[in-house]
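1. Quick check, what structure comes out for this input:
(4 chains)
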Protein chains: 2
Amino acid sequence: MKKLTVKQVAKLSGVSVRALHHYDEIGILRPAFLGENGYRYYGEEELLRLQQILIHRELGIALGDIAKLIDAPGFDRLSALRQQRERLAAEAIRFAQLVTTIDRTIASLQGEITMKNAELYRGISPDKQAEYEAWLIDRYGDGVVPEIALSRKTYAQLSADEQQAMQSKLQEIEEGLAEGMRRGLPTGSPSLDPLLHRHREWVAFMWGRPCPPEAYAGLADTYLAHADFVARYEAIAPGFAMYLANSMKVFAHRLE
Amino acid sequence: MKKLTVKQVAKLSGVSVRALHHYDEIGILRPAFLGENGYRYYGEEELLRLQQILIHRELGIALGDIAKLIDAPGFDRLSALRQQRERLAAEAIRFAQLVTTIDRTIASLQGEITMKNAELYRGISPDKQAEYEAWLIDRYGDGVVPEIALSRKTYAQLSADEQQAMQSKLQEIEEGLAEGMRRGLPTGSPSLDPLLHRHREWVAFMWGRPCPPEAYAGLADTYLAHADFVARYEAIAPGFAMYLANSMKVFAHRLE
DNA sequence: CTTGACCCTCACGCAACGTGAGGGCGCAAG
DNA sequence: CTTGCGCCCTCACGTTGCGTGAGGGTCAAG
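-> Numbers count the residues shown, from 1 in each chain, chains lettered A, B, ... in the order given. The predicted model follows:
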């Protein structure tokens, strides 16, 4: 195909020429080649790569981390697109949730309902990067933690032993909850609280920031929205994904 | 109600203590009062204001502009919430659109369909602030332009006469298109192209950046998603909102 | 050749905080 | 009273992702 200049790519994609320069500088999106005149020229491969970059940016991922993801060994574009699809679907759900929050706020201001303070912020994502990383960590929680997760200061500062301990801790919590399910404890049973309390602390630690109740409830939605999570929890015990998510939500509700 | 400290607000809302400090510094969210100990204490009013701030942030609005919006004379919280609701609903639609873009990319990579380059970026919002401002400008296009729009460099640099000219230009374009509709020209009629061409240039000028075809098509969706827009176009002529949006989409499609 | 659009590199500056330093406050336990 | 811990404060450096403008070269059309 005919190679495109920065202006043409900018028009196609909506990003600025300056941004394309910047992406070249930091090495995240190199032009296909440089002309004798010093001009940058882009091709089909670059356009596809740019798409990946922009969708990640849309999801709030830092450029440095985007590069790591795209350049990871074994990167598979189709697989990446499917992952991104999941995330985008979750974002759509989250915005729908924000609409609900506003509806409830309006009803509250008009005296029709009573709304707790924490509900004001339900659906607001304080940090998409942290959420994404939590997602990744959870996804690879069986010990295969991508390098991106290691960039997280809190986690990165742990020794290998400590990191292993975190993984074991999660496993322990999940196994405990699964056992509760096997024994027929209903979601919302107070006897699950200690485990959920530990789980929420685990999440907050991984996030390096507080995990307020509504964020914890939101995380439960995230779990259910991601096929990877569902599959992983179902592997622990059939029906566990829904059981865990419901438990988290009820627990979160009780905290508010 | 009991006043809350920064840690408590942070936990409720998910923002950091540092951010709350920052918001106080820049005057966008003042605490209800300062204790004798120098501590910040927040109340119900501050929590509601913070909600407004965070939703605007969620929609990509700069903090400085958020302050202007919230502190505008005649600010009405219920009205603001309804506006935000519209925007959030549109964002949910946009993310759903991104999902479609990915599905099509996957199909394209698997050789099932043919995809044009510009389609790769359909649904990606290069600049939410610009989009929001375009929305505001369009909303107040009858001459009542909020101060936020004046902060836009390109527009701000125009003289009052020139700004008036821009408003007249839009009116002229819209009237021309409405006339086309009244004469029974179908959407997609080539005779509408000059007007649509001028319209798209108008949008790009207002945006201060290019308006690629898919962004133009996306703008049409934005128009239909906002009750204010629909009402405004219907006021020009019954059925005009849909006619304009369809014309824009067909025109955009032809440009790709 | 001139003009206008587009290309380049260079570099300052900004927004929105994150992070750490250094130190005070409040409460409960010893 | 002392200590320890969690939380509060201000101060200030630094990061990320560009926007913007300066100064100058390239290309195509008139």
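2. For the rest of this, base every contact and every neighbour count on C-alpha atoms.
-> OK.
3. Just give the closest residue to A:Gly218, not the sequence neighbours.
-> Among residues not flanking A:Gly218 along the chain, A:Gly123 sits closest, at 7.0 Å (Cα to Cα, 6 or more residues apart in numbering or on different chains).
4. Wait, a strand at that neighbour?
-> No. Counting by DSSP: H, G, I helix; E, B strand; the rest coil, A:Gly123 falls outside a strand, being coil.
5. which stretches of chain A form helices?
-> Secondary structure of chain A, counting by DSSP state H: helices at A:6-13, A:17-25, A:44-58, A:63-70, A:77-109, A:128-139, A:147-150, A:153-156, A:160-182, A:193-207, A:213-225, A:227-236, A:240-255.
6. Which of those helices sits closest to B:Leu170?
-> helix A:6-13 (22.6 Å; Cα to Cα).
7. Can that closest one be said to contact DNA strand D?
-> No. Figure legend: helix A:6-13 not in contact with DNA strand D (Cα under 7 Å from any atom of the strand); closest approach 10.2 Å.
8. rewinding a little: out of the helices of chain A, which is closest to B:Trp202?
-> That would be helix A:6-13 among these, by Cα to Cα, at 15.7 Å.
9. send the alpha carbons of that closest one over as CSV?
-> Extracted in CSV, the C-alpha atoms of helix A:6-13 (Å, rounded to 0.1, in the frame of the first residue of the first chain):
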residue,chain,number,x,y,z
VAL,A,6,2.2,12.1,9.6
LYS,A,7,-0.5,14.4,8.5
GLN,A,8,-2.3,11.6,6.7
VAL,A,9,-2.0,9.3,9.7
ALA,A,10,-3.1,12.1,12.0
LYS,A,11,-6.2,12.6,9.9
LEU,A,12,-7.0,8.9,9.8
SER,A,13,-6.6,8.3,13.5
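10. Could you measure from the residue nearest to A:Gly218 over to B:Gly27?
-> Separation of A:Gly123 from B:Gly27 (Cα to Cα, to the nearest Å): 25 Å.
11. Near DNA strand D, which residues of chain A are found?
-> Residues of chain A lying near DNA strand D (Cα under 7 Å from any atom of the strand): A:16-19, A:22-23, A:36-37, A:61-64.
12. still on that earlier bit, between A:Gly123 and B:Gly27, which has more neighbouring residues?
-> A count of neighbours by other Cα atoms under 10 Å in any protein chain shown puts A:Gly123 above the other of A:Gly123 and B:Gly27, at 23 against 12.
13. can I assume the more buried one is in contact with A:Phe95?
-> Yes. With contact defined as Cα atoms under 8 Å, A:Gly123 reaches A:Phe95; the gap is 7.0 Å.
14. that older thread, what's the per-residue pLDDT of the residue nearest to A:Gly218 here?
-> Looking at A:Gly123, its pLDDT reads 80.
15. Phi and psi next, for it.
-> A:Gly123 adopts backbone torsions of phi 100, psi -20, taken as degrees, to the nearest 10.
16. Can you give the distance of stretch A:97-117 from its chain's centre?
-> Put simply, stretch A:97-117 sits 26 Å off its chain's centre (Cα atoms, centre = their mean, to the nearest Å).
17. where are the low-confidence patches of the stretch 101-250 of chain A?
-> Filtered on pLDDT under 70, the stretch 101-250 of chain A yields the residue ranges A:126-164, A:204-212, A:214-215, A:222, A:225-229.
18. For the stretch 1-150 of chain A, what lies in contact range of chain B?
-> The stretch 1-150 of chain A comes close to chain B at residues A:11-16, A:47-48, A:51, A:54-55, A:58, A:78, A:81-82, A:85, A:88-89, A:91-96, A:98-99, A:102-103, A:106, A:109, A:117-118, A:120-121, A:124-126, as judged by Cα under 8 Å from any Cα of the partner chain.
19. Return the members of the residues you listed classed as buried.
-> For the residues of the stretch 1-150 of chain A next to chain B, a neighbour count by 16 or more other Cα atoms under 10 Å in any protein chain shown gives the buried set as A:11-16, A:47-48, A:51, A:54-55, A:58, A:81, A:85, A:88-89, A:91-96, A:98-99, A:102, A:106, A:117-118, A:120-121, A:124-126.
20. how close does the residue in chain A that chain B sits nearest to sit to B:Ala96?
-> Residue nearest to chain B within chain A: A:Ala92 (4.5 Å; Cα to the nearest Cα). Per Cα to Cα, A:Ala92 is found 6 Å from B:Ala96.
21. what's the overlap in contacts for these two?
-> Listed contacts common to A:Ala92 and B:Ala96 are nil; contacts here mean Cα atoms under 8 Å, 6 or more residues apart in numbering or on different chains.
22. before we move on, back to that, not counting its neighbours along the chain, what's nearest the residue of chain A closest to chain B?
-> Among residues not flanking A:Ala92 along the chain, B:Ala92 sits closest, at 4.5 Å (Cα to Cα, 6+ apart).
23. ditto for A:Arg30
-> A:Arg30 sits nearest to A:Asp24 (Cα to Cα, 6+ apart), 4.9 Å away.
24. The one you found reaches A:Phe33, doesn't it?
-> No. The criterion here is Cα under 8 Å, and A:Asp24 misses it with A:Phe33 at 11.3 Å.
25. Now A:Ile173: closest residue in space that isn't a chain neighbour?
-> A:Leu195 (5.9 Å).
26. residue contacts, that neighbour?
-> A:173, A:176-177 are the contacts of A:Leu195 under Cα under 8 Å, 6+ apart.
27. Next, work out how far apart A:Gln167 and A:Gln52 are.
-> 30 Å.
28. Also A:Glu112?
-> From A:Glu112 over to A:Gln52 (counting by Cα to Cα), the distance is 45 Å.
29. Of those two, give the one with the bigger neighbour count.
-> Remark: of A:Glu112 and A:Gln52, A:Gln52 carries more neighbours, 23 against 11, as counted by other Cα under 10 Å.
30. distance of the more buried one from B:Leu120?
-> Distance from A:Gln52 to B:Leu120, by Cα to Cα: 9 Å.
31. got it, and A:Glu119?
-> The gap separating A:Glu119 from B:Leu120 is 37 Å, by Cα to Cα.
32. And for A:Ile236?
-> 38 Å.
33. now do A:Met242
-> In terms of Cα to Cα, A:Met242 sits 35 Å off from B:Leu120.
34. State the number of residues packed around A:Val203.
-> 20.
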